[in-house]
Structure formats: C-alpha cells, structure tokens
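J.: How does the following fold in three dimensions:
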Amino acid sequence: MSTPISLLKPDRPDSMSGARDLINLAIREGVFYYPSPISWRDEVLYFLLPDRFSDGNESTRPLLTREEIAALRQTASRPDWNWQQWAESGTRWQGGTISGIKSQLRYLKDLGITAIWIGPVFKQRIGLNSYHGYGIQDFLDVDPRFGTREDLVKLVSESHSNGIRILLDVIVNHSGDNWGYVPPDGDLSSALNEPAYKPWPHFYGSDDLDNTEGWQLAWRDAAQKGFATESADITSRHEGAWPREFQSKNIYTRAGMGDLGESRDIGDPHAEHKRTDFLSLKDFALDVPGTLSQLIQCLQYWIALTDCDGFRIDTVKHMALEETRNFCGAIREFTDLIGKHNFLLIGEIAGGDNFQDAVLDYTAMMERNLNAALDIGSARLTLSAVAKGLQSGNSYFDIFNEQSQGFESHRSFGDRHVSILDDHDHVFGSKVRFSAEVPDHFQVKDYYVTVPVAIQLLTLGIPCIYYGTEQAFAGPASTQTNQLGGWRGNDKYLREAMFGPAHPRANMTESIEDQVLLQDKSLPGFGPFGTTGKHCFDPGSPAYVRISSLCKIRAAHPVLRLGRQYLRQIQIPGTGFELPKAGELVAWSRILYNQEALCIVNPNGLDARGGNVVIAAELSPPGTEYVVIANTAQTAAGAPYAGSHPAGSKVTVKVSNQFGGTSFVEIREIQPAEVLVLLKNSFA
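T.: From the prediction side, this is the model:
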C-alpha cells in the first residue's frame, strides 16, 4: 500500500487543479494514513514556532546551563552587551527549520509529548519579517527558510514512528500582504495598506460610493512594491499570491482596516470584525462562491501529502459561524474518507470567553464540527494567578462548574478544551511568560512553572505546553528588562529562539537564497534568557525533569486523563474543611468508575504547605490506603530524597468526628512549587 511520500512530486502545483489531482490520487490509490487517537484527552500537545525552536545544529553550540542563567540574574549590568540589538534581532527570522524539529523528537518524546502543534510553515513573502508564519503568500508550498515539502512529509512520518502526532497551524480567514490598495489615478507602486474600513456591502473598487470608486488592487512583487493588476502579469512565485486561483481580486473582501474587536453580534456574517483586513494581512471574502472551497482543497492537499493529524485554525472569531461549520465539515468528511476518523480541529477564538462559548456552542456542541477551542481568554490569566498563589484555587476550578456554559466537571467535556499557560501572542495580559514574572531571587524560579503545568496536565481538557516552558523561559534578568523597548507589551518577548542562534538570518532585503544560507552578523541571535550562541535543550533542567515525570504519570493512569473532577476542601490549623485561600495547597480529585486520584500542588513559592484533604467517602471507607505515585520534589532530588510522601508511600483515610464525619487524608510538608499525586490503592 502507498504512503504519503509516494505522492510527492518535485515541485508544488501552481493551481488548484494540481492540488485536486494529488487529493484524488491519494483516494484512488488507497494511501495508508496514520490513524487518529480514540480520544485527544489522552494526548499532551506541544506548541512551537518553527523559526524559534531548532535549526538542527545544537551540537555545534554549547548548552546554556542553569548556573550561567543564575549568574546572569545576579549581574546588575552587562556593559559588553547591546540590549537594543538583541531586541531588534527578535523581530527577524532566526533560522529554525522543519528538519530542526525532527532532530529534537527524542527530546520531546522524553518530555512526554505526544502531539506537536507547529506554527504555520507555508510560504511567506520573501521581503517581510513574518517569521511567525501567519502572512501566507503561497498556500501550496513550504517557506524555503523552513525547508521543503519533503522535509515536512518526513517530519510527520518520523514523528509517527515515535508515537507523536503533528498538528499544522492553518489560516482560512486571510492571506498575507500580497497586494495593496491603490487610489484612483494612483501609481501601482504606491499600493498601500489599511485604508479606512468600508461597511457591508461596500468595498474599495465598488462603484456605489464616491470614495471607493476607481480604487484598484495592485499585486506586490518580491520587494513588496505594487506592480500589476492582472494575474497574467504575475510570473514569479515570489510575486502576488499562489495558487493561481488566489490571484482573483474577487476572493478578497477589500474592505480596508476596521475594528478587530468585539461586535454586538458575533453571528452577523457581515460584522466589521468579520470583513476587516487583519492589519496588513488581506481578508478573504469567504462568502463569495468558490473562495472557501478552494481554501478547503488547499488544506485537504496538505492532509493528503503530509499525513498530519489535525489543524489549529487561526482567527476563527473572524469567520462567520456557517463558514466555520462548512470548513470543518468538509475537512472532517475528507479525513473520515482516508481513515483519520478523529482528525483534530482546534479553533482560536481571540476576543473573550463570550466568543469562545458562542463558537463552541454552535460549531462544536450542535454541529460537532469544531473539536475544541484554545483556552486563551481569561482562564489563562486565572491559571497563572492561581499557580503563583495570587488567587485561590477555586477561582480557576470554577471555570469548570455547571454554570459556565460548557465547562462542567460531570460531562464528557475534556476533549473540547485545550488549556494554555503561555503562547506566542498572549492576547490577554502581559506579553511575557509565566516564569518571567517570578522574582529572580526565588529559589523556585527555575521550576515554579511546574505548578500551572501540573494543573493543565491533571485537570479536564487537552494540555498544551508552549516551547521553552519546560525550560522555564523567562527572558532577561529583571534588573535589565528596563533597557528593552516594549518589555511586557511586545510579542517578540514570548518568542526567544530556543536553539540559541549566533545571528539572525540575512536581512529580508537580501535574496531568498541568501536568507536561507547566510546570517546577518551585525546582530546577535535572539537566544533565550537574553543570550546568543547557546541552546536550551536541557533534559536535566529542574522544570523539564518535573514536567516529564508528570506527563509519564498522566499517560500511565486513565483516571488522570478521563476521570470526573472535584476541587477538594482542606483543613489547615485553625479552620474547618474549606476551600483554601490563595497561596495554600490546591487539591482536586479525578474519579473514574471506582478509582480516585488525588492531585495536590503547592502554589506558594516560598513556604511548605500541608493540610487534611477531603476524599470521596463513598469510594474510600476509613482505613483505605492511597499510594503516592508522583512526587516532583523526589523526582528532582533523586536517590537522596528525605522529604515527606516519597513515591510508594501510603496515607490512610481517616474520619473527622469534629467536622461532621468528613473523610480525609493527611498531607504534610509539600515543598514550594512541588506536586503530589496519590491513587487509591484498591479497586473495591
């Protein structure tokens, strides 16, 4: 039986007919495709930007050690270091590749990752610094700075051989800055972006308004200058947009730049946030016949060619609900046909939890087309605050309660929600990672992030770890961030290059061949922790060791992935059994059939914590034993561990006559930022 790589041809198709030919060939020849998981709740996702993860050459650079990082944090100033140049480098292509991702599959597998969500790899404008991948010029090719289509096919194949699935980040709402607006009698080379928004049904070029009539769409050349209005004049793959069908002005909204924020009616397909360009990125007119179907076929092409296992769909809020349903339905029908019966479709709905609930209700619950949504709204901020001991645990767990329109603990909802702690945008809150806001002098600085990741891993949902979180990425020392323009407010500070390049790629003004092969040695690479030339793939780092152990425990015990969920009351000296205040232990149970797992984190960054923790009396009569199956403090310490609750030790269920016969177990001296997991030691 054929495999996807047998479909690969020397060059990508330049029209939709070529894409359809490959799709039909895959169906006709019965190509074998890697099956989907039964439930995505069983998976642990890892999100990375290909430009910032690995170039595959880490063996040529030293590892940035934790001792060096600690020394940097204790350094008041670095007179031989130019922070402005480092920050400028952060806006540039750094050199990560698809082959680099492949070279780090062992690192990810050992961490416990079972699915990689890869930022967009499709071809960008060659004269722009859109290293993030969200400004696509060619929807049927891989950006040469990332590699080739063959590299992508081989990455997916080798990932599957390692038991790891691949999710591709896709954009349906808009294309890159492939053309500009030209006013009447204007020169094509003056093509501009972001003219004032024109409400439905008007657009630039329509003849029903005096201030839109006569406007033209000018395709951009490799240098980003407008040069042509007709598709026939586009001859280079670096000009205009590809495939050929995307060179029709009619498939773009051409409404200018409006408000990307909330609308009175998210269900209105012609609302401003549905029709506006995304800054310089040009909005697709998905309501024009043929536009959506061509985008669908482009992405079916990538499924057929690469054997990827799911999509993260960008900017879903900006797509009409019917368009989202139709897109997801068409993708799902195709993947069902080729044997990938649970192809994952995750929606990114920026703009607030109300938007997320609306999209989930209509496209996931009723139509069952969108599998899940990213938790990028206020829940991410609450998770961070709870994990730092700034808010009580119930403020996060209340998100799952029966009043929150879908986030219930008793429903089989876990496969509908992807939990996020850090990501590449931080649409809400400061644009710095969790660990950046941990004081540099805290002894737990290098592993405090274990607490929120443990909550992600061990609560309802599909956990997603952002690259570098397992290394406690935090940016430069807090004494030096005042020298960085836009610190806490610029996306680039969420996107350090994990592989530690010495320099960024050659400038975007250079030829694409030079950008692929050469570096700009006038700037340092945008390496982690305010460094350059040293990588951070450290499987012995304090956070990596702890998170890896929790991923393995999660994989070994279905109750931790599939069970119901209950936040637990705790008795501490001077109180009864109650939900603790901020900074005290956070404990919750996962229950599956007659099994109960008790998960406990200490979000206090300075002091040990303990208490008597409630368990399910109906499952565990007095004398029932719970055995410790994970203790991150012991995992980190290794053999010499002498603290409380070592792995394999047991606690016995007791009953408090003073407080109404409450059943509990005694938990003592959980160290700062550590995690404990216990499992009922019988199946009765």
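
J.: Tell me the bridge partners for G611.
T.: Beta-bridge pairing of G611 under DSSP bridges involves I667.

J.: What of G310?
T.: Bridge pairing for G310 - DSSP bridges - gives L167, L344.

J.: For it, list the residues it contacts.
T.: W40, A115, R165, I166, L167, L168, F343, L344, L345, I346, N371 (Cβ atoms under 8 Å, 6 or more residues apart in numbering). Just so you know, the C-beta spots here come from the backbone N, C-alpha and C atoms, and that holds for glycine as well.

J.: repeat that with 7 Å
T.: Residues in contact with G310 (Cβ atoms under 7 Å, 6 or more residues apart in numbering) are L167, F343, L344, L345, I346.

J.: these two touch, right, the first one and I303?
T.: No. Using Cβ atoms under 7 Å, L167 is not in contact with I303, being 11.4 Å away.

J.: Work out for me the element A630 sits within.
T.: strand 625-631 (DSSP states H and E).

J.: what comes up buried for the next helix-or-strand element following that strand?
T.: Sequence-wise, the next helix or strand downstream of strand 625-631 (DSSP H and E) is helix 632-637. Under the neighbour-count criterion of 16 or more other Cβ atoms under 10 Å, helix 632-637 has T632, A633, Q634, T635, A636 buried.

J.: contact partners of helix 632-637?
T.: Around helix 632-637, the neighbours that count as contacts under Cβ under 7 Å, 6+ apart are 450, 542, 545-546, 549-550, 641, 643, 646-647, 671, 674-675.

J.: Restricted to helices, list the residues you listed.
T.: Counting by DSSP state H, the part of the contacts of helix 632-637 found in helices is T450, P542, V545, R546, S549, L550.

J.: So what does P4 have for phi and psi?
T.: Here is the backbone geometry of P4 (degrees, to the nearest 10): phi -60, psi -30.

J.: Model confidence score at the residue nearest to it when sequence neighbours are not counted, please.
T.: Leaving aside its chain neighbours, P4 sits nearest to D307 (4.5 Å; criterion: Cβ to Cβ, 6 or more residues apart in numbering). Confidence at D307, expressed as pLDDT, is 98.

J.: about what we covered before: give me the buried entries from the contacts of G310.
T.: L167, F343, L344, L345, I346.

J.: Of those, which pair is most distant in space?
T.: With distances taken as Cβ to Cβ, the most widely separated pair in these is F343 and I346, at 10.8 Å.

J.: thinking again about what came up before, Y566: which of the contacts of G310 is nearest?
T.: Distances from Y566 to the contacts of G310, taken by Cβ to Cβ, are shortest for I346, at 26.6 Å.

J.: possible to save the contacts of helix 632-637 as TSV with pLDDT?
T.: Listed next are those as TSV, based on pLDDT from 0 to 100:
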residue	pLDDT
T450	98
P542	98
V545	98
R546	98
S549	98
L550	98
Y641	92
G643	95
P646	97
A647	96
Q671	98
E674	98
V675	98
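
J.: List buried residues within the residues you listed.
T.: Neighbour counting by 16+ other Cβ under 10 Å classes T450, P542, V545, R546, S549, L550, A647, Q671, E674, V675 among the contacts of helix 632-637 as buried.

J.: Surely the second one and V444 touch.
T.: Spelled out, that is P542. No. Taking contacts as Cβ under 7 Å, P542 lies outside contact range of V444: 8.6 Å.

J.: Tell me the predicted confidence for Q356.
T.: The predicted local confidence for Q356 is 54.

J.: got a list of what D177 touches?
T.: Applying Cβ under 7 Å, 6+ apart to D177 gives the contacts R125, L128, G135, N193, R220, S280, L281, K282.
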